[in-house]
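K.L.:
sequence first, then the predicted structure, then my questions.
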Amino acid sequence: MPIIVRLDRVLADRKVKSKNLAAFVGITEANISLLRSGKSKGVRFSTLEKICEFLDCQPGDLFEWVEEEKD
């Protein structure tokens, strides 16, 4: 997948637990886990906004696009 989720790194850098982030954003810890693992199909802008507000970061800090290698 060409989009890499960096949420784990940002959480670790800020010394924040997923549980606290989930409570602030208003979503389940399971949904945070799906997002962290890159298994989420998408994220609402309102959710992304709350995550960025809580972590004091930009969306680009959470996601990275990497070009897939061509055969």
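P.N.:
Perfect, I can see it now.
K.L.:
now the helices for the protein?
P.N.:
Assigned by DSSP state H, the chain shows helices spanning 7-14, 18-25, 29-37, 45-55, 59-62.
K.L.:
including mean pLDDT, could the ones you listed go into JSON lines?
P.N.:
Putting the helices of the chain into JSON lines (pLDDT from 0 to 100) gives the following:
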{"stretch": "helix 7-14", "mean pLDDT": "96"}
{"stretch": "helix 18-25", "mean pLDDT": "98"}
{"stretch": "helix 29-37", "mean pLDDT": "95"}
{"stretch": "helix 45-55", "mean pLDDT": "98"}
{"stretch": "helix 59-62", "mean pLDDT": "97"}
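K.L.:
make a markdown table from those and add mean neighbour count to it.
P.N.:
The way it works is simple: take the backbone N, C-alpha and C, and place the C-beta from them, glycine included. A markdown table is the format used below for the helices of the chain (neighbours: other CB atoms under 10 Å):
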| stretch | mean neighbour count |
| --- | --- |
| helix 7-14 | 15 |
| helix 18-25 | 16 |
| helix 29-37 | 16 |
| helix 45-55 | 15 |
| helix 59-62 | 15 |
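K.L.:
okay if I get these as a markdown table plus distance to Glu68?
P.N.:
Output for the helices of the chain, formatted as a markdown table (distance: least, CB to CB, whole Å):
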| stretch | distance to Glu68 |
| --- | --- |
| helix 7-14 | 21 |
| helix 18-25 | 29 |
| helix 29-37 | 19 |
| helix 45-55 | 23 |
| helix 59-62 | 19 |
